[in-house]
Structure formats: structure tokens, C-alpha cells
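S.K.: Everything below, folded, please.
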Amino acid sequence: MNGIITRNVIRVVFIVAILFSIVGCSDNDENNTTPSLTSTNVVEVVFSPSGFGDLGYNDIILTGLEESRKRLGFDVMMHVPASVEDGIAIYNKWAQKTAKDERRLFIFASNQYESALRNSSVRPSDANSSVLLYETHKPIDGVYTFRIGMYGAAYLIGAYTALTNKDESDYKAAVLAANPFDRNVDGAAQGFRDGFIEAGGADATISYISDRDGDGYNMPDEAYALCTRLYESGHTFFFPVAGGSNKAVYQFSRNQGVYTAGIDGDMSAYSGLMNCSLVKNIGSATKDFIALWLDKKEIPQHQDFLWDSGYVNVIYCHDWKETDAQGIETFKNNILGKETEYEKSK
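M.R.: Numbers count the residues shown, from 1 in each chain. Model (predicted):
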């Protein structure tokens, strides 16, 4: 475990270095002074309230932003608000300003802002200002949107998990999802369950940390308690799809010695009992979008990036290998068809 902790610390130090290298960063906009900008292209980002340093979604976006900034030469301002409401307030102030000699892009780097943005009529009034929201499955007027679908990758992890435990006739897994309203969360949950059952797993229960729309992503205590209840009912593998709450699931894995899978990035540093990680290459998607925006290329108002996009994949953790799962090729070949079937059902 010492090696795992060391890798985690190194990664956090790397993230802190990026934070200091980017133009502006604040978790309290009222106390934030506007930094000196040197470019006529300015990207302003509001992250989810969960912040940085967990190797997950926000960290991956941050790394992509820094790589893109160095290569393409634009300025970045970042905000890590205390709540979704604070994030929307930052956006409202941004939208009220007018771009004069610059082009501006405002990024909502989490679909936790989706409901508030859909219900808001606030949009920038000038042609030089654009808005992007991550991870929604439906277009929003006046906003660029895209989604990295997880069904296909989760289907593969579900199948792999069942195949590598096929000697256990009553092997039960549990999916811990943030809430029942997030389409992306649903895709991952259903994908894992379908792959697990089709590969011979006994059961894959889908349980929700919260029953409220937009909630469940930063509720580690509730997530840990849910793990405890599921473990006591015989579930011995946990697949979390709950943002910042995932860390509680990884902690439970370490404490109780049960297996788990990671999501968003390579989460193997969090548990030596992790077989796979579902990796969303959100940093690459961010870099590609910004490059098109800077070049003033035509960008679709909404885009769905699925298994064949290259923006999502599965990596095997620690000593686990794809070849450990006899028959996994059949399931890999089924991914596109199963994902298409799922997408049409929604």
C-alpha cells in the first residue's frame, strides 16, 4: 500500500503545480481579483464543487486545459465554487459582460449545473462569447454540449468482473449510482449490469446514494453507509458511478477487503483490490473542442461520444490482465451493438 500512497501524493503535487501555473483559480469569487490576461482568447471554467486532488474527473480536465493552454496559447480563469448555486452566480456575472477585443468561452465542467442552466434564460449577448456544458444528453439553447457515454466501457467491465469470478455461482455485484436522473450515470450502471449478468454473474444490484436530481455526487458518508448495507446483504464487488462519492467506495474496498472498479481515470492508487478503471478522456475532448473553437471551425451544437469515439476506454489495474477473462473477446465484439441498443431505448 505504501507504493499506492506514494503515487497518489505525487499526482496531487502535480495537480497543485498546474493550479499555480494557470492564470486564475478561486474557490470564492468575491475575494478573487481579476488576473492580468495576455491573450485575446479567454477560457473561463467553473468546476464541480468537489474540487481537485482525487485523480478523478476534475483533475483530468485540469490536465487537459494546461496541455491545451501551453500548445494553443489562450488564457484560463478557473473557479471551484462551494456550491452549484455559487457556480451559476459566477456564470451570470460573466454573461453580463461584453467581449470587446477578445473571444470568450465559458465552460461548465460538470453536468451538476445542467438543471440550473436549462432553467435559466441568461446567455451572453455578443457573438464573441460561447458557452459549453459537459455531459448532457440533450441540447440546450444557446449552449454547446457534449457527452461521453459510458455504457460500452461499463458493459466490458461488468463482463470482465463476472468472467474472472465464474467459479463463484452466487457472485453478486452492486452498482452505487449518484441518483436515478443522470443519463450518463444510468448508462454506466445499466452497462455494467448488462455485461455482468450476460457473462454469468448472479446479480448486479443498482442502488442510488440520493433520490434527488443533481445530488449524490458529494455524499461520502451516505455512500459508505450504502456500501455497508450492500456488503451485509452479500454483495462483494462494488462499481461506483457517483463523482466525488466514489472515494468512499474505494475506502470501503480497502477497509473491508472487497473488490471494486474505478471510474473517470486510473483509480488504482485508491485500492489494491481494483480490477479495472473506466477512463473518460475528458481532457482530450476538452483540448479538441477548444482547438476547434479557437480556429472558428463549425462545431455541432450537441455531440455524443460513445465507445468508438476514442474518448472512453478500459484499463486493467495492478496485476489484472484482459486475458484473465476467458471469453472476453465475445463481449468486446458486442459493445457497439449493445451500446446502440441502449441509446435507442432512451
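
S.K.: list the contacts for the closest residue to Val84 other than its chain neighbours?
M.R.: Distances taken as C-beta to C-beta, 6 or more residues apart in numbering put Gln112 closest to Val84, at 5.4 Å, once the chain neighbours are dropped. Every C-beta, even on glycine, is put in place using the N, C-alpha and C of the backbone. By C-beta atoms under 8 Å, 6 or more residues apart in numbering, the contact set of Gln112 is Ser48, Pro49, Val84, Gly214, Tyr217, Gly243.

S.K.: so where's the stretch 1-150 of the chain shaky on pLDDT?
M.R.: Residues of the stretch 1-150 of the chain meeting the criterion pLDDT under 70: 1-39, 53-55.

S.K.: Okay, strands next: where are they in it?
M.R.: Taking DSSP state E, counting those that start in this stretch to define them, one finds strands in the stretch 1-150 of the chain at 24-26, 41-46, 75-79, 103-108, 129-134, 144-148.

S.K.: Name the strands paired with the fifth one and say parallel or antiparallel.
M.R.: Strand 129-134 has the following sheet partners, assigned by DSSP bridges: strand 103-108 (parallel), strand 144-148 (parallel).

S.K.: Okay, the residue nearest to Ala99 when sequence neighbours are not counted and Arg104: tell me how far apart.
M.R.: Nearest residue to Ala99 in three dimensions, chain neighbours excluded: Asn128, at 3.9 Å (C-beta to C-beta, 6+ apart). Asn128 is 6 Å from Arg104, where distance means C-beta to C-beta, to the nearest Å.

S.K.: Compare these two (neighbour count), which wins?
M.R.: Shown here are Asn128 and Arg104; by other C-beta atoms under 10 Å, Arg104 has more neighbours (22 against 15).

S.K.: surely the more buried one meets Thr40?
M.R.: No: in terms of C-beta atoms under 8 Å, Arg104 does not count as a neighbour of Thr40; the distance is 9.8 Å.

S.K.: can you give me the helices in the stretch 201-346 of the chain?
M.R.: 220-232, 246-256, 282-294, 328-345 (DSSP state H, counting those that start in this stretch).

S.K.: sorry, back to before: turn the strands of the stretch 1-150 of the chain into a markdown table, columns for distance to Arg69.
M.R.: Below are the strands of the stretch 1-150 of the chain laid out as a markdown table (distance: least, C-beta to C-beta, whole Å):
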| stretch | distance to Arg69 |
| --- | --- |
| strand 24-26 | 12 |
| strand 41-46 | 8 |
| strand 75-79 | 5 |
| strand 103-108 | 12 |
| strand 129-134 | 16 |
| strand 144-148 | 19 |
